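**Q** Coordinates for the following, if possible.
(3 chains)
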Amino acid sequence: MTRVQSLLRRAGPEIAVTLLLAAFPWFGGKFYVDLATTIMILAVFALSLEVLVGATGLVSFGHAAFFGVAAYAATLLSPKAAAASVLWLLPASVLAAAAFAAVVGALSLRTRGIYFIMVTLAFAQMAYYVFHDTKLGGGSDGIYLYVKPVLAIGGATLVSLDQPLAFYYTTLACLVATFAFLAVVLRSRFGHALAGIRANEVRMRAAGYSTYPYKLAAFVLAGGLAGVAGFLYAVKDGFVNPEILSWHQSGAVLLMIILGGVGRLRGAVLGAFAFALLKELFQSEAIFGPLARHWQLLLGFAIIGCVALMPEGLIGLPAQLRRARLRAGAPRAA
Amino acid sequence: MPPERTPPAVLAVRDVTRRFGGLVAVDRVSLALERGAVHAVIGTNGAGKSTLVNVIAGELAATAGEVALNGVDVTHWPQPRRARAGIGRSYQRTTIFPRFSVYENCRLCAQARRQAPWNWWTKAERDDASADLARDALARAGLAAFGGHVAGVLSHGQKRQLEIAMCLATSPEVLLLDEPLAGMGPEESERMLALLESLKPGHAVLLVEHDMDAVFRIADRITVMVNGGVIASGAPAAVRADPSVQSAYLGEAAA
Amino acid sequence: MDLPTFLVQCLNAVQYGLLLFLVASGLTLIFGIMGVINLAHGSFYMIGAYLAYALAPFVAQHLGGGFFTALFLGLVLAVAFGYALEWGFVSYLYERDHLQQVLMTYGLILVFEELRSLLLGDDVHGVQPPGWLTGSVPLGDLMTYPVYRLFMSGVCIAVALALYAVIARTRIGMAIRAGASNREMVQSLGVDIRFLYRVVFAAGVALAVLAGMIAAPVSSVYPGMGNQVLIISFVVVVIGGIGSIRGAFLASLLVGIVDTFGKVLFPQAAGVLVYVLMAAILLWRPEGLFRQG
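**A** The predicted structure follows:
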C-alpha cells in the first residue's frame, strides 16, 4: 500500500495531467482536440530530445532528422490501398530513425562542444536534402499516407487510427508510456551514468566509465523516441514534406525544452505545451492584428526574452522567483 | 638493485616520455609503485609532474615508454579501462559533481565497477554493492556525516577529501594523487595527511605534492623531477642529502 | 567534360570557395576568440545582399555614386551595426552555455528575417554590377569567363591577404591569435578584452556583409539566402577547425570544389556531397584540419 501511496505522491502532477488530458475531448471541440493531439506529439518529441540535452548534456541541433526519417518511413512503408498494422509499422519507423541515429551519433560523438552542435546540424541538413532533392520522398512537395494504420490483433481491428478520437487516445497513451519509460530509465544505473557524464565527463572517465558507448546509446534512444513522435505525426495528417526535417524544427524542439526547463521530464512536456500555445497566440490575428503575419518576429523576441530571463525555464520559475525574493529581502552583508 | 628486493611493483613506469610538438614535457621517467608505500614525486612548477600523472592514468598517450600494472602492459589502454583495472586518480583542481549529494558522488564512482547499463528497470540506489562501497569510502575519508549534503556547499578542504573518497570508491589498487593538499590550511592538511597515511596499507600510492614537510613525513620513496626528467630518486633521507636536488630545488640551505 | 568546361568549373569552384571564406572566416574568428556560437551569422550575409539592393537607388539619387559607393557605405553601416550588436546583445552571451547561445542567436535570426520582410518585402531582386564589370573576358584562347566573377575572387583574395597581414603582423592580430588559444590568459595580460571582442565581432559582421554585397549580382537577393550560407559556413568551420583562419581558407576551397563539381557531376546528390565530405574528415580528424588552442 505504501508503494502506491508514494507513487501517487511523487507522480501526482503527472497523474492529474493525464486524467485531465483523458477527459479533455468531452469538453473540447474538434479544433481543440486536434490541437491537443499535435501538442502531445510535440511533447513526445521534446521528451526524446530531453534524453540528449537534459540527461546527457549533448546539445543536438539536428534532432528533427530522426523525427522526419520515421515520419517518411511510416509514409513510404504504408501500402496505398490497405491499412497497415501498427504492430509492425511503428517499430519499423522507430527502427529507421534509430538506425539513422546510430550512424549520425557514431560520427558526431567523436566531436564535442560547438563542433558537436554544428555537426548534428549538418547531418540533419543532409537528411533534409536527401528528401528535398531526390525522388525518394516525392521531393519538396511531400507525399501522402493514404490509408492510416490500424491496431489489429488476429484479424480483429481494435483501434482504427483514422478516427480522430481513437488517434487522440493512442497519442495520449504513447505520451504517457514515453514519459513513464524515461522516468524509469533515468532512475537506473544507466540514467545515473548519463547524469554523471553531463555533470563531469572527466571524472566519469577517471572512475572507469567508457563514456562514448553511453553517449551513443543515449543518442540512439533519443533518435528512436523522436521516431515515435514522427510516426504519430505522419499518421495524424497523412502527409509529410521535407520541412519537418528542417533546422527550424530542430530549433523549435530545442526551444521547447529550454522553455519548459532543461533537465526535467516535466519541463519537456510543459515546454511543448507552452511553445505550441505561444505559436497559436502569436499567429492570432484577433490579438495581434496585422503583426500576426510576421509572428516569427514575436517568436524571435519571445525566444530571446525567455532564454535570457528564465534560464531554468517555466519549471524552474518558482525556484528562480523564490531566490530573487530571498536575495532582495536578505540583510546587507556587514 | 639489492638482492632482498621488496614486493614486486604494482605499477611500473619504464622510460615514459611525452612530447608536445617540440616540447618534451616528460623525459624518460621510470619509477615503481609498491603496495603499502607512498612514492612522492616532487619538482618545480612545470617539471612535468602532472603530465606524468596524466600519462600513467591514461588521459594522455605516452610518446614512448611503458606503463605496466601488475605485469600487464597498459600503455595503450584508454583511461576508463585502466581505471576499471585498478588505477584511480584524484585531480589537482577539484573534479567532483557539485550538484549531486556527497553520497551520490561516491556511489556513482563505485558504480563504475558494476555498471550493468542494460539494466534500465532497476533503480540505481538499489544496487547494494555500490552503496556499501560508497559509504565505506566516505567513512574512510571522514565525510560520513556529510553524505546528504550537496557537494557544492562543502568547504574546500572537505571537497578535497571528497575527491579522495571518490577515488577510493572505485576500489583501486593504485592511487595517483595530484596535489591533494592544494589550497589547504594547517588543520585541514593534518587531516588529509592522516587520511593519506591510513591509505597506505592495501594501496600503492603516487603522490605529487609541493608541500615539502608533508612529503618528507609521509613518503617512503621520493622522485625529483626537473624539466621533465628525473634528477634523483630514492629514500627521503638520501634525496634530501643529494647535492643536485639541493641546488636545483630545495635551495642552498640544506637541512 | 571537355577542357574549357573543366576550367570554367574550376574557376567557379574557387570563386565560390573564396566567397565562403569571407563568411566562414568571420564565423570562425567569433567562435574561436569569443567562444560564442552565433547562428545569426548567415543573416549578416543576407543583410549584405539586401543592403546592396536597397542602397543602390539611394546612393544613386543622393550621393551620385554607383556600385562602389554603395559597397563602401554598406561596409560602414555593417561595422557600426556589428559594433552596436556586440555591445547591446552579444556581450550578454559570453557567460551563457552553448544551448542558450544557440537559442538566443536563433531568435535573432527570426527577428532579422521578419524585420527584413517588413521593411523590404519578400520578393527576389537583382542587383546590377557596375558597367565596366559586366560581360566576359577571354582567358587564353580556350574560353571566356564573366568579369564580375573574377572581380569577386579578386576582392576575396585581397581580403584574405589583408586578414593575414593583420593577424600575423599587427599587435591586434597577435592579441587575436592569443585569444583564440587562451582567452583567460589574454585577459590577464591586460589586453582590453571588451574592445578586442567588439572589434572582432564588428569585423566578422563586416566580412559577412561584404560577402553578401558582392555576391548579390550573381546570386540575386532572396529571403532564404542567409540560412543556406550559414549551414555551409558551419561545415567549413568544422572542417577547417575552430579559430583557424588558415583552416577556414583551405576548407572553403575544398567545399567550393566539392560543391561545384558535385553539382555538375552528380546533380541529384549535389546537396548531400558536402556533408559526406564533412563526415569523412571528421572520421579522420574530429577537431578539424587545423585545430586551434
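
**Q** and the stretch 201-334 of chain A, which of its residues are near chain C?
**A** Residues of the stretch 201-334 of chain A that fall close to chain C, judged by Cβ under 8 Å from any Cβ of the partner chain: A:247, A:251, A:254-255, A:258, A:262, A:294, A:296-297, A:299-304, A:307-308, A:311. Where you see a C-beta, it was placed from the backbone N, CA and C, and this is true even at glycine.

**Q** Mind doing that once more with 10 Å?
**A** Within the stretch 201-334 of chain A, the positions adjacent to chain C are A:246-248, A:250-252, A:254-255, A:257-259, A:262, A:291, A:293-308, A:311 by Cβ under 10 Å from any Cβ of the partner chain.

**Q** Using PyMOL, make a named selection holding only the buried ones among these.
**A** With 16 or more other Cβ atoms under 10 Å in any protein chain shown as the burial test, the buried ones among those are selected in PyMOL as follows:
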select buried, chain A and resi 246+247+250+251+252+254+255+257+258+259+262+294+295+296+297+298+299+300+301+302+303+304+306+307+308+311
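
**Q** residue nearest the centroid of the chain?
**A** Using chain A. A:Phe45 (1.6 Å; Cα atoms, centre = their mean).

**Q** please go with chain B instead
**A** B:Leu176 (1.7 Å).

**Q** So what does that residue look like in phi/psi?
**A** phi -100, psi 110 (degrees, to the nearest 10).

**Q** And for B:Val41?
**A** According to degrees, to the nearest 10, B:Val41 has phi -120, psi 120.

**Q** who touches it in this structure?
**A** Shown in contact with B:Val41 (Cβ atoms under 10 Å, 6 or more residues apart in numbering or on different chains): B:29, B:31, B:47-50, B:52-53, B:176, B:178, B:206-209, B:215, B:219, B:221-225, B:230, B:233.

**Q** Determine how far stretch B:181-199 lies from the middle of the whole chain.
**A** 14 Å (Cα atoms, centre = their mean, to the nearest Å).

**Q** pLDDT (mean, whole number) over that stretch?
**A** Mean pLDDT, taken over the full extent of stretch B:181-199, equals 89.

**Q** which other residues reach that stretch?
**A** B:36, B:38, B:91-94, B:140-142, B:155-161, B:163-165, B:167-168, B:175, B:177, B:180, B:203, B:205, B:207-211, B:213-215, B:217-219.

**Q** Which members of the contacts of B:Val41 are positioned in helices?
**A** B:49-50, B:52-53, B:215 (DSSP state H).

**Q** who wins for most neighbours among those?
**A** B:Leu52 (29 neighbours; other Cβ atoms under 10 Å in any protein chain shown).

**Q** Once you drop chain neighbours, what's closest to that residue?
**A** Nearest residue to B:Leu52, sequence neighbours excluded (Cβ to Cβ, 6 or more residues apart in numbering or on different chains): B:Val26, at 5.1 Å.

**Q** Tell me the confidence at that neighbour?
**A** At B:Val26, pLDDT is 90.

**Q** Need the three-state assignment for it.
**A** strand (DSSP: H, G, I helix; E, B strand; the rest coil).

**Q** And the strands in the stretch 151-255 of chain B?
**A** B:174-178, B:204-208, B:221-226, B:229-234 (DSSP state E, counting those that start in this stretch).

**Q** got these as JSON lines, with distance to A:Val69 and mean pLDDT columns?
**A** Shown next, in JSON lines, are the strands of the stretch 151-255 of chain B (distance: least, Cβ to Cβ, whole Å; pLDDT from 0 to 100):
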{"stretch": "strand B:174-178", "distance to A:Val69": "45", "mean pLDDT": "94"}
{"stretch": "strand B:204-208", "distance to A:Val69": "50", "mean pLDDT": "94"}
{"stretch": "strand B:221-226", "distance to A:Val69": "54", "mean pLDDT": "90"}
{"stretch": "strand B:229-234", "distance to A:Val69": "56", "mean pLDDT": "89"}
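
**Q** Buried among the contacts of stretch B:181-199? Make that a ChimeraX selection.
**A** Those of the contacts of stretch B:181-199 that count as buried under 16+ other Cβ under 10 Å are selected in ChimeraX with:
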select /B:38,91,92,94,140,141,142,157,158,159,160,161,163,164,165,167,168,175,177,180,203,205,207,208,209,211,214,215,218,219
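
**Q** among the contacts of stretch B:181-199, which are in helices?
**A** Per DSSP H, the subset of those in helices is B:140, B:156-161, B:163-165, B:167-168, B:213-215, B:217-218.

**Q** contacting residues for the residue in the stretch 151-300 of chain A positioned nearest to chain B?
**A** Relative to chain B, the nearest point of the stretch 151-300 of chain A is A:Gly208 (3.6 Å; Cβ to the nearest Cβ). A:Gly208 sits next to B:79-88, B:109-113, B:115, B:170-172 when contact means Cβ under 10 Å, 6+ apart.

**Q** So the residue nearest to C:Gly48 when sequence neighbours are not counted versus C:Met46, what's the distance?
**A** Spatial nearest neighbour of C:Gly48, excluding adjacent residues (Cβ to Cβ, 6+ apart): C:Gly212 at 2.4 Å. Using Cβ to Cβ, to the nearest Å, C:Gly212 is found at 6 Å from C:Met46.

**Q** What degree of burial does residue 84 show, as a neighbour count?
**A** Here I'm looking at chain A. Neighbour number of A:Ala84 under other Cβ under 10 Å is 21.

**Q** if you could check chain C rather than the one you did, that'd help
**A** 13.

**Q** roughly how far out does the host helix or strand of it sit from the chain middle?
**A** Assigned by DSSP states H and E, C:Ala84 belongs to helix C:67-88. Distance of helix C:67-88 from its chain centroid, counting by Cα atoms, centre = their mean, is 14 Å.
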